[in-house]
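1. sharing a model that was predicted from the sequence below.
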Amino acid sequence: MSNSGNPEPDNQVTSKRGGWVTILAAGLLLVIGVALVTQFVPVLYAVFFPPTPPRPDNTIEISRDSAGYGEDTFLYSSPDDGCALTRYYQSQGASCNIAPTVCTSGFVELTQPRAGAQVSRCSADVDFSIFTMRYRVEISAGYEGQTESLPTRLRVEREIFWADKPRTSTSFTTTLTP
């Protein structure tokens, strides 16, 4: 029995506390939900839409092969000079090995370039979300007079490390010959 003589207990105080507890619990759950979503959505987006390596605007895709999810090889053709394309990849953060005497004046200097004469090899690691993409680019010249009038070809390999970071260096160890 309550002090007022009413046999019913006073529920007003407990119902007010119960309302605030419910609101606080809902707010806490909302904050936790937002935190989880902001962590998982970028990862899911990266898995379903992995990035592609940088590519100059005026390149044309000739072929694309896939050895597995995130392991692709692209072949592009370009009207640009191979040395200019090498500079493009360097500006994108790639480290490049340039064949000796090929780009000393800033442009391909092959007296009689044969199809497939290597200009450079470039590579870089790019972090995205919680993953890492490694790409390698082989730039070759000498394709004038082929079926298309695009003298330079780029062979781009992409590998995405889904489980861990790459352990090896991105630079090439072999010496290029023109």
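-> Done, it's in.

2. for the rest of this, base every contact and every neighbour count on C-alpha atoms.
-> Will do.

3. just the mean pLDDT for the host helix or strand of Val21, thanks.
-> Using DSSP states H and E, Val21 maps to helix 12-48. The pLDDT scores in helix 12-48 average 81.

4. give me the helices and strands touching the helix or strand following that helix, please.
-> Remark: after helix 12-48, the chain's next helix or strand is strand 60-68, criterion DSSP H and E. If you count contacts as 3 or more Cα pairs under 8 Å, 6 or more residues apart in numbering; DSSP states H and E, strand 60-68 packs onto strand 71-78.

5. pLDDT score assigned to the residue nearest the centre of the chain?
-> In the chain, the C-alpha nearest the mean C-alpha coordinate belongs to Pro51, at 3.8 Å (Cα atoms, centre = their mean). For Pro51, the pLDDT comes out at 90.

6. please list all residues in contact with it.
-> Met133 (Cα atoms under 8 Å, 6 or more residues apart in numbering).

7. show me what the lowest-mean-pLDDT helix or strand in the chain is packed against.
-> None of the helices or strands of the chain scores lower by mean pLDDT, DSSP states H and E than helix 12-48, at a mean of 81. Applying 3+ Cα pairs under 8 Å, 6+ apart, we find helix 12-48 packed against no helix or strand.

8. so which bits of it are buried?
-> By 16 or more other Cα atoms under 10 Å, the buried positions in helix 12-48 come out as 43, 47.

9. one more: stretch 121-138?
-> Across stretch 121-138, burial judged by 16+ other Cα under 10 Å covers 121-125, 131-138.
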